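>>> coordinates only, no sequence provided:
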């Protein structure tokens, strides 16, 4: 599987990366080699999560909020 990652230089040094196809999947590393290992681990972890649709506990209300 090929996954696109976006690598950024961290302000405090080192690097961090995000995976646009997997919201919330990010990692960091002091070197690019460390980042590579860490983001691979993060991707595996994110894909391993069993996503369960939320169930209603009774009261529900839908709101439209302008930000």
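All right, it came through fine. Only a predicted model underlies this, so the values are computations on that prediction, with no experimental measurement involved.

>>> going forward, measure contacts between C-alpha atoms and count neighbours the same way
Will do.

>>> chain neighbours aside, what residue packs nearest to residue 28?
residue 16 (4.0 Å; C-alpha to C-alpha, 6 or more residues apart in numbering).

>>> need the residue closest to the centroid of this structure.
The residue lying closest to the centre of the chain (C-alpha atoms, centre = their mean) is residue 25, at 1.3 Å.

>>> let me know the distance separating that residue from residue 66.
27 Å (C-alpha to C-alpha, to the nearest Å).

>>> likewise for residue 45?
From residue 45 over to residue 66 (counting by C-alpha to C-alpha), the distance is 34 Å.

>>> name the residue in the two with the higher neighbour count.
residue 45 (11 against 4; other C-alpha atoms under 10 Å).

>>> name the SS class of that one, please.
Following DSSP: H, G, I helix; E, B strand; the rest coil, residue 45 is assigned to helix.

>>> check contacts around residue 3.
19, 21 (C-alpha atoms under 8 Å, 6 or more residues apart in numbering).

>>> helix/strand/coil for it?
coil.

>>> same check on the one 5 residues further on?
In the three-state summary, residue 8 is assigned as strand, counting by three-state DSSP.

>>> swap in residue 37?
With three-state DSSP as the criterion, residue 37 reads helix.

>>> just the strands in the protein please.
6-9, 15-18, 26-29 (DSSP state E).

>>> in the sheet, who's paired with the residue nearest to residue 28?
Per DSSP bridges, the residues bridged to residue 16 are residue 8, residue 28.

>>> what sits against it?
Here residue 16 is in contact with 7, 8, 9, 10, 26, 27, 28, 29, 35 (C-alpha under 8 Å, 6+ apart).

>>> how about the nearest residue to residue 5, chain neighbours excluded?
For residue 5, the spatially nearest residue (C-alpha to C-alpha, 6+ apart) is residue 19, at 4.7 Å.
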